[in-house]
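J.: what follows is a predicted structure for the sequence shown.
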Amino acid sequence: MEYGLILEWIIKAVLMLLILLIGFAYTTYLERKVLARMQVRYGPNRAGPKGLLQPVADGVKLIFKEELIPAKADKLLFILAPVITVLPALTILAVVPFGGTVNLFGREITLSIAGDLNVGILYLTAVTSITVYGMVLAGWASNNKYAMMGGIRATAQVISYELALGLAFIGPILLASSMSVNEIVNAQGRMGWFFIYQPIGFIIFLIATLAEINRVPFDMPEAEQELVAGYHTEYSGMKFALFMMTEYIKMIVVAVLAATFFLGGYLGPFVDQIPWLGPVYLFIKVFILVFGIIWVRATWPRFRYDRLMAFGWKILLPLAVLNVLLTGAFIILFPGVIR
Amino acid sequence: MFAIELARGLYTTWREMFNKPVTIQYPDQRRPVYRRFKGRHSLHRYDNGLEKCIGCSLCAAACPADAIFVESAENTDAARFSPGERYASTYEINMLRCIYCGYCEDACPTEAIVLGDNYELSFTDRHDAIYTKEMLLEALPEGGSSTPQEVKPGVYTRSVPEMKDPVD
C-alpha cells in the first residue's frame, strides 16, 4: 500500500471539507452584506471588524440552542434527515478538477480529490439526487402536516428540475465526447469555453440549478409567509444549521459545476506555466456566480408553486430537449469544430 | 420571457448597491430630536436659584396616567424654596407610568415641570423608575444660590410670575 497516496487522499479530502465549511460560513456573511447593500443598508457590522466574525457568532448561537424533537416524531429519521441532506452536498466536488498537476514534496499531485473518474457526470447526477431523500424525510419525520406539505413540494420541485438539469449536462458531454469532468475541462482548453457553443444550455443549467438548490426565484419551500418554514419547520439548533449548510454549500457547489462545465473550470491565462493559478481562476469564477445568485435573490420575486411546476415541465424540459437535438445536429453538420 | 424586465430589475439593485446606506448607526450616531420633543422631565428654577414649583399639584391632577405624586409644605422666609406661599416638599414621577404626553407641562402655572430632550432612560429595577425631586430638579443656574435660601421678609410674595410666551 502506498502510504504517500493514502496521505495525499486524506489531506485533499480534509482540505476540501474545510474549504467548503469555511466557504459556507462566509457565503452566509457575503449574502447578508450584499443583500444589505443592495437594500441601501449596512449588513452585519458589529461582530468583529466589519462584522467578519458574524458567522462565528451565528454558529455559537446555534450550538447553544435547545434541540427540540417533536413528541410523536420518528426520532431516527428526524435526526438522520439533515445528515442525509448535507453529506451528498459535501461529496459532490470529489470529481471536479481544481487545477492541473503540481509538483509538491517530490510527488506529482493532481489538484482533484478523486482523480479522473471516467463517468464523472454520472456520479454528479447520482449524488445530487440523494439530497431529495433528506428533504422528504425531514418533512415526514416532523409529524407536522405543514412540514410534510413543505417537504413534498420541495421534493416535487427538485425532481422536476433535475430532468432539465440532466439534459443540460448532455450538451457539454456531447461537445467533449466524454463523461469525465477532467476531459470536459481539457476540451474547453482546446475548443474555447462551452458557453459560447451552448448559450441556451448555459441558461437552462443556471435556471435548473437555482431550482435544485431552492433559491429565489424558486424558494417556495422556504417561503416563510406561506408555509412557516417548510420541511425544516420543526428543526432547531444544530440540525437546522445542517439544513442551512446544505443550501449554502449547494450554492457553492453549483457555482463550481457551472464554472467547470461552461466557463472553462480552472483554465485561464498562464495556467500551464503556473499550475497554482488554476484554483485562483476557479475561485474568481465561482465568486462571480455566487454573487450572481445573491443578486438574483435581492431582485426577483418568487414563483408561485403551480407556475413553478408548469415552468419546469412545460417550458424548461422541452427547451432542454431542443438544446440536445440542436447540439447533436451541430456536431454532425460541423464535424471540424469538435477537437 | 421578460428578459428585458428581468435585466432592468437586476440593474436597479446593482445601481442601489452604490448608494450610501441610510442606516443611522445608533449608539455611535444619534438622530437629532424634533422641536418640542417630549422626553425626560425636569423641574426648573429661576435665575436667583429659587425653584419655580409651588407645590400646587395641578400636574398630578392633569396627568392621565397618575404618574406624579406631590406633597406640599409652607415656605418660611428663613428657609425659602420657592417664591410664594408653598413649595413641593415631595415630588416624585413614576417614569414607567408616565406616557410623556406633556399635559403636566401644559397644566403647570409657573412653567416649573418641563419635558426635555433626553429619551435614553433605562433602568434594571422597577423601583429605580421612580424619579425623586432631587433627580428631577434642574442644576443651579449661574448666580443662583441653592435652596433653601434665607431671604428678607416681604420680597417674595407672588407665586405665579409675569408670564412670557413659551419658547421651545
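T.: Great, that's in hand.
J.: could you use CA atoms for every contact and neighbour count after this?
T.: Fine.
J.: who's in contact with whatever residue of the stretch 151-300 of chain A ends up closest to chain B?
T.: Using C-alpha to the nearest C-alpha, the single residue of the stretch 151-300 of chain A nearest to chain B is residue A:299, 6.0 Å away. By C-alpha atoms under 8 Å, 6 or more residues apart in numbering or on different chains, residue A:299 lies in contact with B:9-10, B:13.
J.: could I get the residues you listed as a markdown table with distance to chain A and pLDDT?
T.: Shown next, in a markdown table, are the contacts of residue A:299 (distance: C-alpha to the nearest C-alpha, whole Å; pLDDT from 0 to 100):
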| residue | distance to chain A | pLDDT |
| --- | --- | --- |
| B:9 | 6 | 90 |
| B:10 | 6 | 92 |
| B:13 | 5 | 91 |
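J.: now those residues: which count as buried?
T.: Buried subset of those (neighbour count, 16 or more other C-alpha atoms under 10 Å in any protein chain shown): B:9-10, B:13.
J.: now, those that are in helices?
T.: B:9-10, B:13 (DSSP state H).
J.: which other helices and strands does the biggest helix by length in chain A contact?
T.: Counting by DSSP H, the longest helix found in chain A is helix A:3-38. Packing partners of helix A:3-38 (3 or more C-alpha pairs under 8 Å, 6 or more residues apart in numbering or on different chains; DSSP states H and E): helix A:54-64, helix A:237-262, helix A:277-299, helix B:3-16.
J.: which one of those helices lies closest to residue A:85?
T.: Closest to residue A:85 of the helices and strands packed on helix A:3-38 is helix A:237-262 (C-alpha to C-alpha; 6.6 Å).
J.: what mean pLDDT does the closest one get?
T.: Helix A:237-262 shows a mean pLDDT of 90.
J.: how far does that helix sit from the chain's center?
T.: Here the centre of helix A:237-262 is set off from its chain's centre by 4 Å, with C-alpha atoms, centre = their mean, to the nearest Å.
J.: run a quick neighbour tally on residue 71.
T.: With no chain named, the answer covers chain A. When neighbours are counted by other C-alpha atoms under 10 Å in any protein chain shown, residue A:71 registers 9.
J.: that answer is for a different chain, and I need it for chain B
T.: Residue neighbour count, defined by other C-alpha under 10 Å, stands at 13 for residue B:71.
J.: that one reaches residue B:92, doesn't it?
T.: No: under the criterion of C-alpha atoms under 8 Å, residue B:71 is not in contact with residue B:92, lying 9.2 Å apart.
J.: lowest-confidence helix or strand of chain A?
T.: Scoring the helices and strands of chain A by mean pLDDT, DSSP states H and E places helix A:224-227 at the bottom, with a mean of 53.
J.: so where's the longest strand in chain B?
T.: strand B:86-94 (DSSP state E).
J.: after that one, which helix or strand is next? Please name it.
T.: Where DSSP states H and E defines the elements, the next helix or strand beyond strand B:86-94 is helix B:103-107.
J.: which secondary structure elements does that following helix contact?
T.: helix B:58-62, strand B:113-115.
J.: and the first one, what does it pack against?
T.: Right, helix B:58-62. strand B:68-74, helix B:103-107.
J.: contact partners for residue A:253?
T.: By C-alpha under 8 Å, 6+ apart, the neighbours of residue A:253 are A:89, A:92-93.
J.: host element of the nearest residue to residue A:218 once chain neighbours are set aside?
T.: Counting by C-alpha to C-alpha, 6 or more residues apart in numbering or on different chains, residue A:211 is the residue found nearest to residue A:218 once chain neighbours are left out, at 5.3 Å. Under the criterion of DSSP H and E, residue A:211 resides in helix A:199-212.
J.: avg pLDDT for that helix?
T.: 92.
J.: what's the most buried one of the helices and strands packed on helix B:58-62?
T.: helix B:103-107 (a mean of 19; mean count of other C-alpha atoms under 10 Å in any protein chain shown).
J.: the helix or strand containing residue A:319 and chain B in contact?
T.: Following DSSP H and E, one finds residue A:319 within helix A:317-333. No: Helix A:317-333 does not reach chain B (C-alpha under 8 Å from any C-alpha of the partner chain); its nearest approach is 13.0 Å.
J.: is the nearest residue to residue B:136 once chain neighbours are set aside bridged to anything, and to what?
T.: Distances taken as C-alpha to C-alpha, 6+ apart place residue B:42 nearest to residue B:136, at 4.7 Å, with adjacent residues excluded. Residue B:42 has these beta-bridge partners by DSSP bridges: residue B:114.
J.: ok, residue B:42 touching residue B:132?
T.: No: using C-alpha under 8 Å as the test, residue B:42 is too far from residue B:132 to be in contact (10.6 Å).
J.: buried sites along the lowest-mean-pLDDT helix or strand in chain B?
T.: Using mean pLDDT, DSSP H and E, the weakest-scoring helix or strand in chain B turns out to be helix B:133-136, at a mean of 79. Buried residues in helix B:133-136, counted by 16+ other C-alpha under 10 Å: B:133, B:136.
J.: neighbouring contacts of that helix?
T.: Here helix B:133-136 has contacts from B:41-43, B:90-92, using C-alpha under 8 Å, 6+ apart.
J.: pull the most distant pair out of those residues.
T.: The distance between the two most remote of those (C-alpha to C-alpha) is 15.4 Å, for B:41 and B:90.
J.: just to revisit the earlier point, tell me which of residue B:42 and residue B:132 has more neighbours.
T.: The residue with more neighbours, out of residue B:42 and residue B:132, is residue B:42; 18 against 15, by other C-alpha under 10 Å.
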